[in-house]
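> Predicted model and sequence follow; I will ask about them next.
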Amino acid sequence: MHSLRQSKTTATLDTNTNFWARYGWLVMFIATLVGLYLRNTQRGFETYDMIYDFTPWYKHLRDNGGFAGIATIKSDYPVTYLYILAFLSYLPASAIAKIKTVTALFEIFAGIIIYYYVKNLFPKPEKRHLAVLAYLCFYFLPSVILNGAVWGQVDIIYTCFLLICLYFLATEKFTLAFVAYGFAFAFKLQAIFFLPFLGMHFLKTRKYSLTQFLWIPLILVLTSLPAIFFGRPAKEVFGVYLGQIGSYPRTVFNFGNIYNFFPDNYALYAIPGVILTLLLLFVGLFFILRNRKLVLNPLNLPDFALLSILICASFLPGMHERYMFAAVVIAVLYLFAHPRQFYIPLILWLIEPNAYLIVLWGIRPPIDYRISALLLLLAIGLIIFNLHKSRPLIAVN
């Protein structure tokens, strides 16, 4: 009787394994179609950024020869994104539809990277469904849909490259990892929140040369050269990030971090806030390097990547509502690496879209920003606590 029960269980497992092996991609394809339909319902929704930034930039490029218009455009975004807008200016359809289509494509790319990362965590056929579920979890996250399909923002582009970087670090393809990070940084300044994690990874593993970091400025230079060729002054091309720093001189802008407990005085808190953040990062690095029992592996890389971004977002002044977006996405990997710690991603997935409401619809956030700040600190503390235990809650198999 026992062997009969065991054979039935084995047969059930084989059936499930065969289903996900054969139809996993079909499930993802159907889900993607459903997700695209949902996103398409928001194709006409316009926000302040779309009306006063993205659409005027697009129209300037369209009316001034596409790529040739990069020379004279007034934009505070890196030229990498302007290349995309210039390319779109040659295609039919409305500006907003094309801009949101680019975001939708990068969401699919990011989901595929998440799929492969989780698949590598759980390579056994009977766990193939976890990778599919990870893709679905990411693709239907409220923050992802609100940020892209509704808002029309481009945070998913640099986040996609951060995911690629994380994937190549996990598979020890370090040159490709730093090339990917170079592209992430070339698209968004907020990719710098990921840089402390890369520094920690290098110092902890010592598996590659420090010269790998040179890929970051090299990619930045290579992506800037076409704009200079088209006539845009090099000073404007390379100085775009310097122009963004302090361009919104507020201590915090629609985001739940510690500065909600202080008066809005950016000039007073800017330098002390940067010093505090660097101090926390260095203290964390000290304990990580000192703990010889702590070994970096694909299972805990998302933990450290999350900490790097969350510490920066929580303790740096001048943060905006979208600056934690990459952490929200990486939290999907964290969830599948540590399913018993599901409450940590849930905290992030709760406080991130809460900050979007005021910008998208003028709705007062139901969760006070000070409460969000405390929840963010709680999430950081919980990640550190679970890392301190230094043992995975699930086996990678």
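Yep, that arrived.
> alpha carbons only for contacts and neighbour counts from here, please
Will do.
> Now do the contacts for the residue nearest in space to the middle of the chain.
Residue closest to the average C-alpha location in the chain (C-alpha atoms, centre = their mean): residue 326, at 2.2 Å. By C-alpha atoms under 8 Å, 6 or more residues apart in numbering, the contact set of residue 326 is 155-156, 159, 162, 309.
> Equivalent analysis for residue 21, please.
Per C-alpha under 8 Å, 6+ apart, neighbours of residue 21: 125, 128.
> which stretches of the stretch 151-300 of the chain aren't confidently modelled?
Within the stretch 151-300 of the chain, the segments meeting pLDDT under 70 span 246-247.
> all helices in it, in order from the N-terminus.
Using DSSP state H, counting those that start in this stretch, the helices of the stretch 151-300 of the chain run over 155-170, 174-187, 195-205, 215-229, 234-238, 240-244, 266-290.
> who wins for proximity to residue 316 among the ones you listed?
For residue 316, the closest of those is helix 266-290, at 5.3 Å, according to C-alpha to C-alpha.
> Output the contacting helices and strands for that closest one.
Helix 266-290 sits against helix 195-205, helix 301-315, with contacts defined as 3 or more C-alpha pairs under 8 Å, 6 or more residues apart in numbering; DSSP states H and E.
> who's in contact with stretch 237-253?
The contact list for stretch 237-253, computed with C-alpha under 8 Å, 6+ apart, reads 76-79, 189, 224, 227-228, 259-260, 263-267, 269-270, 317-321.
> buried subset of those?
Among the contacts of stretch 237-253, the ones that count as buried by 16 or more other C-alpha atoms under 10 Å are 76-79, 189, 224, 227-228, 259-260, 264, 266, 269-270, 317-321.
> What ranges in the stretch 1-150 of the chain fall below the confidence cut-off?
Scanning the stretch 1-150 of the chain for pLDDT under 70 picks out the ranges 1-17.
> The same query, at a cut-off of 90, please.
The stretch 1-150 of the chain contains residues with pLDDT under 90 at 1-24, 124-128.
> Show me where it has its helices.
2-40, 48-49, 55-63, 79-88, 95-121, 128-139, 142-145.
> Nearest to residue 339, out of those?
Closest of the helices of the stretch 1-150 of the chain to residue 339 is helix 128-139, at 10.9 Å (criterion: C-alpha to C-alpha).
> which ones are touching the nearest residue to residue 62 once chain neighbours are set aside?
If the residues on either side of it in the chain are set aside, residue 62 comes closest to residue 89, at 5.0 Å by C-alpha to C-alpha, 6 or more residues apart in numbering. Neighbouring residues of residue 89 by C-alpha under 8 Å, 6+ apart: 58-59, 61-62, 66, 95.
> Ok, residue 281 next?
Counting by C-alpha under 8 Å, 6+ apart, residue 281 has contacts 196, 308, 311.
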